[in-house]
Structure formats: structure tokens, C-alpha cells
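# predicted model and sequence follow; I will ask about them next.
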Amino acid sequence: MIHLNNISKTFKADILGQAFVALNNISFSIPEGSMVGFLGANGAGKTTSLKIIMDFIRPTSGEVVFSSALGKNKQEIFKNIGYLPERPYFYQNLSGEEFLHFMGDLSELSKNEIRTQISYWAPRFRIEHALRRELKTYSKGMLQRIGFLAAILHQPKLIILDEPLSGLDPIGRKELKDVIVEVHKAGKTVFFRTHIVPDIEEICDRVVFLKDSKVAFDGSVTSLMDTNTDQAYVFKIKLNNKVEFKTPITKKIELPDNLSTFTVNHEFKDKFLHEVIEKGGNLVGIEPLRVNLEEVFYKTKD
């Protein structure tokens with residue numbers, strides 16, 4: 001749906017300063033129908049990338065290519081995009097309902113269409129009770145909800161969210177994640193930036209990972225974990241006597257009832273299994289060591 005093709009962005013400093021390279025020849029895609037998480041340490045270039053996609057700033061070189069599914073020209077394309085910035089601005093003296101009608105008018109929706117969308121989405125965002133209140137009385141979580149609702153009011157094909165879950169309590173994050181998943185299941189393409197790594201693992205099918213202003217990974221979440229972790233296996237064994245193993249063991253945990261778990265790297269799996277049998281151990285179970293995306297992220301960004 002969108003492809004960033006060899007994008008670079010350099011910010012010029014003053015006369016005596018050195019220019020800052022925010023993006024260094026990055027390329028990645030947001031496929032139609034996907035749910036893509038956007039990861040990277042602070043300063044990796046995520047915000048700059050979003051601003052370039054939204055045409056708020058222009059790249060120094062490279063181009064953003066939009067598929068025909070979004071439209072034939074910029075006006076059509078951006079009508080089919082819903083965007084929630086990290087720090088949205090709200091007219092504080094408007095009620096939630098007035099704000100949504102204002103945003104719907106900007107998207108050229110009829111009053112009936114606006115009312116229909118509000119009736120459908122407000123209960124899902126758990127915001128219907130506050131629609132007649134002024135926005136200045138809203139908490140940050142409520143403002144996130146009303147901003148998100150405004151971003152999908154015109155039923156865009158692509159939704160871009162910049163830190164949509166930031167600052168929310170656990171219940172609020174769970175509720176908004178449920179809405180993101182529902183929007184995606186309705187056929188929308190979703191691209192969102194977050195620093196909360198487990199959220200991407202939980203709901204995304206793809207991830208784009210920036211490191212040092214370059215693309216470190218662009219692909220499925222499963223592929224990222226498979227290609228950036230050392231495969232290991234966890235053996236659960238029952239030992240009636242104290243046994244010393246010659247096989248290198250990464251980790252050992254003693255459990256009740258003479259049970260222990262042993263973690264070994266994949267190259268020692270067969271050797272350890274034979275040694276367990278030779279020493280009279282009772283193998284209860286063996287399974288690959290499951291790592292999570294957060295572990296991969298922090299390992300890769302170093």
C-alpha cells in the first residue's frame with residue numbers, strides 16, 4: 001500500500017554546526033491489509049519517517065510510493081488515510097461530539113454519516129458517556145480515544161497511529177488494542193509507532209525496525225525472532241540422584257519432586273539427551289526456548 005524507496009533525510013545545522021542525518025537510505029513497505037508495528041530506539045528516525053509519509057516534510061532524497069488502492073492523486077490518497085499524531089491538538093471548549101462533527105465536516109461526511117460512525121465506534125472506545133462534555137475535562141486516555149475515533153471517522157483504508165497507547169493505564173491500553181484489532185479485521189491497513197514492544201508482538205503481523213537511521217528489519221514478527229535469536233532447548237528431567245553433566249548447560253532450575261529444567265544450545269541438544277539416558281534420568285519434556293520480541297529488540301539495538 002505504501003513503499004518508502006531509498007529515503008534519506010538530512011537536517012542542516014547552522015553555519016558552524018554539522019548536518020544531522022535523520023534517515024540514511026531507508027526502504028520498507030506497508031502491505032495492504034497488514035498490521036505493521038514501527039520500532040526503534042529514540043533518535044532512530046521513526047518520527048521523521050512518519051512526517052515524510054504524511055508529507056509534512058520532504059525527504060532529502062528518495063520517494064514515497066503510494067499504491068493505486070489509496071488513490072490516483074495526493075488529494076485522493078490523503079482522504080483515504082486516517083492519522084493520529086503523538087501529540088494531537090484539541091479545541092478545548094468543544095464537546096467530544098462537536099469535535100467529531102467538526103472532523104467529519106472536514107472529511108466531507110454528511111451529518112447522517114457522522115452520526116452513524118459515532119454511534120458505532122463510541123461504545124467500542126467506551127467514550128459515549130463523555131461526548132457531551134467539553135474536551136478540557138477529558139483525561140489523556142479519553143483524549144487518545146476521541147482522537148483515535150476522529151482518525152477513523154471517515155473510514156480510511158490506511159490508519160497511521162503515532163504512539164496511540166502511550167500514557168494509558170493497562171485497562172485503557174487493552175481497550176484501545178482491542179479497537180485496533182477490530183479496525184484491522186474490518187479490512188483496514190494499520191501502521192503504528194510504539195515504544196511498547198510487547199504490544200507489537202501481541203497484535204502485529206509485521207514489524208519495521210529502525211536502528212541508527214537505517215532499516216534493521218522489515219518482515220514478519222516471527223521471522224525477526226527466528227533470525228535474531230540463538231535457538232536453545234529446555235529439558236525437564238526427573239533425577240533420583242545428584243548428577244553432573246558434561247554437556248554445556250546455559251541454565252539450570254531446580255524444581256520440587258526431584259525435577260529440574262536444563263537449557264542447552266541447539267548444537268548440544270542430541271548430546272545432552274544421550275547423556276540424560278546414560279545417567280538414568282527420566283525425560284519429562286523438551287521444548288524450544290521461547291523468546292519474546294522485547295528481548296530481540298533490546299539485543300538488536302545494542
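Yep, it's here.
# am I right that residue 174 is in a strand?
No - using DSSP: H, G, I helix; E, B strand; the rest coil, the assignment for residue 174 is helix, not a strand.
# which ones are touching it?
Not one residue lies near residue 174 by Cβ atoms under 8 Å, 6 or more residues apart in numbering. Quick note: C-beta positions are derived from backbone N, CA and C, even for glycine.
# quick check, pLDDT for it.
Looking at residue 174, its pLDDT is 88.
# how about residue 296?
65.
# equivalent analysis for residue 227, please.
Residue 227 carries a pLDDT score of 63 in this model.
# what's the answer for residue 123, then?
Looking at residue 123, its pLDDT is 93.
# any idea how far the helix or strand hosting it is from the chain center?
Following DSSP states H and E, the helix or strand that holds residue 123 is helix 111-125. Offset of helix 111-125 from its chain centre (Cα atoms, centre = their mean, to the nearest Å): 26 Å.
# what is it packed up against?
With contacts taken as 3 or more Cβ pairs under 8 Å, 6 or more residues apart in numbering; DSSP states H and E, helix 111-125 sits against helix 96-106, helix 140-152, helix 170-185.
# burial-wise, tell me which of those helices comes out on top.
Highest mean neighbour count among the helices and strands packed on helix 111-125 (mean count of other Cβ atoms under 10 Å): helix 140-152, with a mean of 21.
# go through stretch 261-278 and flag the buried ones.
For stretch 261-278, the neighbour count (16 or more other Cβ atoms under 10 Å) marks 262, 264, 265, 268, 269, 272, 273, 276 as buried.
# equivalent analysis for stretch 49-62, please.
Across stretch 49-62, burial judged by 16+ other Cβ under 10 Å covers 49, 50, 51, 52, 53, 59, 60, 62.
# with stretch 5-20 instead?
Residues 7, 8, 9 are the ones in stretch 5-20 that count as buried (16+ other Cβ under 10 Å).
# just the ones of those residues in strands?
Using DSSP state E, the members of these that fall within strands are 7, 8, 9.
# ok, so of those, who is nearest residue 209?
Nearest to residue 209 among these is residue 7, at 15.6 Å by Cβ to Cβ.
# hey, what's that closest one bridged with?
Beta-bridge partners recorded for residue 7 (DSSP bridges): residue 26.
# so it sits against residue 52, correct?
Yes - assessed by Cβ atoms under 8 Å, residue 7 is found in contact with residue 52 at 6.3 Å.
# what is in contact with those two at once?
Common neighbours of residue 7 and residue 52 (Cβ under 8 Å, 6+ apart) are 23, 59, 64.
# out of the residues you listed, which are inside strands?
Using DSSP E, the subset of these located in strands is 23, 64.
# pull the most distant pair out of the buried residues of stretch 261-278.
Using Cβ to Cβ, the buried residues of stretch 261-278 reach their maximum pairwise distance at 265 and 276, which is 15.7 Å.
# all good on my end, thank you.
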